[in-house]
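got a predicted structure here, sequence first:
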Amino acid sequence: MINRTFLSAYLLLAATVIYANDHTLLQALYDHNVVKHGAFIFRSGQKSSIYVDMRNAISSPSLLTQLAHSLNALAPAKKYDRVCGVPYGTIPLATALALERNEPMIMLRKEIKNHGTQKRIEGEYKPGDRVLLIEDVITTGGSVREAIDLLEQQGLIVEDVIACLDYQQGSVEKLRDLGYPTQALYTIADIINHTENTKYTHNLTYAQRAQTSCNVVSQKIFAIMEQKKTNLALAADVTTTQELLSLAELLGPHICVLKIHVDILTDFTPLFIEQLKTIAQQHTFLLMADRKFSDIGNTTQLQYTQGIYHIADWADLVTVQALPGAGILASMQQATQCADRAVVLITQMSSHDNLASSAYTNRAIAMGNEHTDFVAGLIARTAITPNEPYFFMTTGIHLSTQAIADQTYLTPYEAIFQNGTDIIIVGRAIYESPDPIATAIAYKNAGWEAYQKRIGT
Ligand code: 5BU
């Protein structure tokens, strides 16, 4: 049984949903344990397999900021005299929103203090002030109505109500009928749909995805993973061709992709590429140049095909930043004309404090969606677009997630099982270890076990 405070975290609402396609924010709600799976029973006796605890959002500054951004976009385009959160769970969110909007805030008290001013409203205000009221989750709408009563008793005018989640129990319509325009970011149906979609992709095997993918390189990569029983990609960030060739030879049997930074090699020669291609063929893995192309189309085309590296001639996969916009993909594709060359688009990064906001990630995905014949995969921390045809590669992987100055680490289990991505990219953890083969096998096994658990084997 859950108590009242607990229940208020599940409030549902019927509302206008403008961000139903914002998978990044939805996924972030899962990642931060706001949406949980299990068997839950509400106080009413109603059973649910999904539990939404919006209060967990306060433990993630980035999620709180994302929610404030999205609520700000949802709010009617006008100025309010005061922003107010329904006490007490929504007060942190209302604070984040008030700061984002640069509008003054007030705070409601549920109980009158025995001492001091006996105020029911904290903060400065005057009768007639127009209020934007925020709620996290609306179920019965009772808490919202109590808050409206309190505000109106003091002569304030509640102009609009916005919420994160509408549990679709008719309360939003009731609030609207009472004259309080109410909107929510998501309905419970959106949460359930997202869960179903995510489950669907998560449950498919690599072999099934090889068949359903329309991209030639995706088909190859899924087939290799299935055949070699590995979802491990090696980030071989060594600086001599000899070290790199030795790693490729040694670890080739355990990997599906070898990712390199060709421009850190001190002794590059065209012969080295020929040798690397031979090893890749012998051990059946793909070559990925982590070049992170990010210039205008014409320059990128030259960087991709010319210079001393001639990347387009040998790299099955190359990484591309979404920043320049879709033109970068069009000109690269035009330059290669070859069906077995593909792009891995960077939608999220693993470095601390990187600038890839959810809005940026969403636009990057939309850009990939226009070029699915050329964009085979996404670099992402989570499987952010469950319905799309991509494979997801995750960088920043370590079995012990200790912090390193330039990197944020996930374990293979977190990336593959919890976040639903497909390929773990591992660098220093393997090539700096005293026994790279044993370590590579440990990562291969960890990645494969997480995948098997995900598909229910
Ligand atoms: P590490 O040693 O496992 O931390 O190396 C990670 C590799 O992945 C390294 O080659 C980076 O350049 C690469 N990388 C990354 O770490 N984070 C990102 O967001 C992207 C690439 Br994109």
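That came through, no problem.

name the residue of the protein that lies nearest to the ligand.
G427 (2.7 Å; CB to the nearest ligand atom). All C-beta spots, glycine's among them, are computed from the backbone N, C-alpha and C.

make sure C84 is indeed in a strand.
Yes - judged by DSSP: H, G, I helix; E, B strand; the rest coil, C84 forms part of a strand.

sec struct for I384, please.
coil.

wait, I meant I162
Put simply, I162 is strand when judged by three-state DSSP.

now do the same for it: its pLDDT.
Per-residue confidence (pLDDT) for I162: 97.

from L71, how far out is it?
Per CB to CB, to the nearest Å, I162 is found 6 Å from L71.

I279 too?
For I279 relative to L71 (CB to CB), the value is 53 Å.

compare the two (neighbour count), which wins?
L71 (24 against 19; other CB atoms under 10 Å).

just to revisit the earlier point, between I162 and L71, which contacts overlap?
Contact criterion CB atoms under 8 Å, 6 or more residues apart in numbering; residues shared by I162 and L71: I134, L185.

would you check that I379 makes contact with V344?
Yes - if you go by CB atoms under 8 Å, I379 and V344 touch, sitting 5.7 Å apart.

between these two, which has more neighbouring residues?
Using other CB under 10 Å as the criterion, I379 and V344 rank with V344 on top: 29 against 26.

I'd say that one and M288 touch.
Yes - when contacts are counted by CB under 8 Å, V344 is listed as touching M288 (7.0 Å).

between those two, which contacts overlap?
By CB under 8 Å, 6+ apart, the residues touching both V344 and M288 are L317, V318, T319.

in which helix or strand does the nearest residue to the second one once chain neighbours are set aside reside?
This points to V318. Closest residue to V318 apart from its sequence neighbours, by CB to CB, 6 or more residues apart in numbering: A289 at 4.8 Å. Applying DSSP states H and E as the criterion places A289 in strand 286-293.

which elements pack onto that strand?
Taking 3 or more CB pairs under 8 Å, 6 or more residues apart in numbering; DSSP states H and E as contact, the helices and strands that strand 286-293 lies on are helix 216-228, strand 257-260, helix 270-283, helix 297-305, helix 311-314, strand 317-321.

and the angle for it with helix 297-305?
Counting by axes from the mean of the first three to the mean of the last three CA atoms, to 10 degrees, strand 286-293 lies at 150 degrees to helix 297-305.

looking at strand 286-293 now, give me its mean pLDDT.
Taken as a whole, strand 286-293 carries a mean pLDDT of 98.

now that strand: buried residues?
Using 16 or more other CB atoms under 10 Å as the burial criterion, the residues of strand 286-293 that qualify are L286, L287, M288, A289, D290, R291, F293.
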